[in-house]
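**Student:** here is a sequence with its predicted model. Questions after.
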Amino acid sequence: MKIVCDEHIPFLVEAVRREWQEVEICPMNPDKIDANTVRDADILALRTRTKVNGHLLKGSRVRMVCTATIGFDHIDTAYCDAHHIRWTSCPGCNAQAVCNYIEEALDEYLIASGLTAARSDSEAVLQQRGLTLGIVGVGHVGSRVARMAERKGLRVLLNDPPQGIGVSLGEIAENCDIITFHVPLTMPPSPPYRGGRRVFPTWHLCDGAFLAKCKPGALIINAARGGVVDEQALLLSGHPYILDTWENEPHITPELAQHAFRASMHIAGYSLQGKRNATQMCLDAIAEAFSLPRIDISLYRYADTKKGDSAPGWLARISDSLKKDTTAFELLRKSYLLREE
């Protein structure tokens, strides 16, 4: 059995070579993962940088695709299902890290806007301001963000139609001072029902019409998927915004980055714990699918013990680096040191 994997998934190669000696594992730079290099693989373990579709998989012996990420919009799941190829993602693996990113974003914005004097201000300060945070998508991340925001003293409105939770998207736009998105990227289907269930597309969920309904000066935050926000509409709207995910990563629009209150290179979920969780979930899925012994990586230590910047103001420092050179998006992302939660 052979696994082809993205070389940037921590612990995976070490764990497989140590525990599953009958399994061959081939780590690769994601740029080298193509139809030729996966042809004789049984399992792919990847991240968002690899597009998994018929072009990659046709003619291969791949039986399973694991992505060490929450999102799976880079996988053509319909193709996999039609060709009996198992696929799995890691929902919730880095939810706390993304929540921490949103908290840092809120702290920096509230201080810069004069809405709080310091991070240590009491909940009563924000309650007195009467600020409302709207959360679109109340899953693993959104639910954590809601609890964090309530602890800070923010009023919280929720929107999650698939779960039947909260108010309408229009009410979010009309009533919220800050709006943050935590939804998967799904394209508009035709027809809008699949298997008897309604599909809720999220592509350009935040579009010109939505932004026009928003309160003047409402802050937009997107740390979900780039296509959730219509970036040109956002730029033209005049609303302040914070972006971690972009429509055309890694080739982001310089003007969009320059006008952002904060801009980062899709690292909201980059934490030591989040990466460890994702690897464990991938290994568990492979073990279950192929009747292999479970590997527990809880005792594995990072070879590089150097930790990333997590001191207050870390998002501002990341943003400054990206704004200096937006063409360095991928380089900055690859060299980013993981934060601790």
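**Tutor:** The structure has been received and is ready for your questions.

**Student:** domain ranges for this structure, per the record?
**Tutor:** 2-89+271-289, 95-269+311-335 (automatic domain parsing).

**Student:** from what I can see His182 touches Ala223, true?
**Tutor:** Yes - counting by CB atoms under 8 Å, His182 touches Ala223, with 7.3 Å between them. Glycine gets a C-beta too; all of them are placed from N, C-alpha and C.

**Student:** the more surrounded of those two?
**Tutor:** The neighbour comparison of His182 against Ala223 (other CB atoms under 10 Å) goes to His182, with 28 against 24.

**Student:** for Glu24, see how far away the more buried one is.
**Tutor:** Going from His182 to Glu24 by CB to CB, to the nearest Å gives 38 Å.

**Student:** residues that sit against both of His182 and Ala223, list them.
**Tutor:** With contacts taken as CB atoms under 8 Å, 6 or more residues apart in numbering, the residues that reach both His182 and Ala223 are 98, 141.

**Student:** pLDDT at the closest residue to Phe261 other than its chain neighbours, what is it?
**Tutor:** Leaving aside its chain neighbours, Phe261 sits nearest to Pro240 (5.0 Å; criterion: CB to CB, 6 or more residues apart in numbering). Per-residue confidence at Pro240 stands at 98 (pLDDT).

**Student:** could you report the neighbour count for Pro240?
**Tutor:** A count of neighbours around Pro240, defined by other CB under 10 Å, yields 19.

**Student:** and the one 5 residues further on, by the same measure?
**Tutor:** Thr245 has 23 neighbouring residues, counting by other CB under 10 Å.

**Student:** that one looks like it's in a helix, true?
**Tutor:** No - Thr245: not assigned to a helix; according to DSSP: H, G, I helix; E, B strand; the rest coil it is coil.

**Student:** is it in contact with Glu231, as I believe?
**Tutor:** No - applying CB under 8 Å, one finds Thr245 not in contact with Glu231, separated by 10.3 Å.

**Student:** overlap in contacts of these two?
**Tutor:** Counting by CB under 8 Å, 6+ apart, Thr245 and Glu231 have no shared contacts at all.

**Student:** now the domains of the chain as CSV including distance to Ile297?
**Tutor:** Converted to CSV, those look like this (distance: least, CB to CB, whole Å):
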stretch, distance to Ile297
domain 2-89+271-289, 5
domain 95-269+311-335, 17
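
**Student:** between those domains, which one is closest to Ile295.
**Tutor:** Across the domains of the chain, Ile295 has its closest neighbour in domain 2-89+271-289 (4.6 Å, CB to CB).

**Student:** what's the span of that closest one from first residue to last?
**Tutor:** 14 Å (CA to CA, to the nearest Å).

**Student:** what's the offset of that domain from the middle of its chain?
**Tutor:** In this view, domain 2-89+271-289 has its centroid 18 Å away from the chain centroid, taken as CA atoms, centre = their mean, to the nearest Å.

**Student:** shift numbering so it begins at 47
**Tutor:** From this message on, residue numbering opens at 47, which makes the last subject domain 48-135+317-335.

**Student:** for that domain, what is the average pLDDT?
**Tutor:** In this model, domain 48-135+317-335 carries a mean pLDDT of 95.

**Student:** do stretch 205-222 as well
**Tutor:** Per-residue pLDDT over stretch 205-222 has a mean of 96.

**Student:** what sits up against it?
**Tutor:** Stretch 205-222 has contacts (CB under 8 Å, 6+ apart) with 178-185, 188, 203-204, 225, 246, 251, 256-257, 259-261, 264.

**Student:** element containing the residue in the chain sticking out farthest from the centre, please.
**Tutor:** Distance from the centre of the chain peaks at Glu68, with 33.5 Å (CA atoms, centre = their mean). Under DSSP states H and E, no helix or strand contains Glu68.

**Student:** and the strands in the chain, which stretches?
**Tutor:** For the chain, applying DSSP state E gives strands covering 48-52, 70-74, 89-92, 110-113, 132-134, 178-182, 201-206, 211-212, 224-227, 239-240, 243-244, 265-268, 287-289, 308-309.

**Student:** and Ala151, which of those strands is closest to it?
**Tutor:** Closest approach to Ala151 among those is made by strand 287-289 (5.0 Å; CB to CB).

**Student:** excluding chain neighbours, give the residue nearest to Gly199 in space.
**Tutor:** Excluding the flanking residues, the one nearest Gly199 by CB to CB, 6+ apart is Glu169, at 3.2 Å.

**Student:** do you know how far that neighbour is from Glu196?
**Tutor:** To Glu196, Glu169 is 9 Å away according to CB to CB.

**Student:** common neighbours of those two, please.
**Tutor:** Residues touching both Glu169 and Glu196 (CB under 8 Å, 6+ apart): none.

**Student:** okay, and for the stretch 147-296 of the chain, where does confidence drop off?
**Tutor:** The model of the stretch 147-296 of the chain has pLDDT under 70 over residues 168, 236-243.

**Student:** helices along that one, start to end?
**Tutor:** For the stretch 147-296 of the chain, the helices defined by DSSP state H, counting those that start in this stretch cover 169-175, 186-198, 215-221, 254-259, 277-283.
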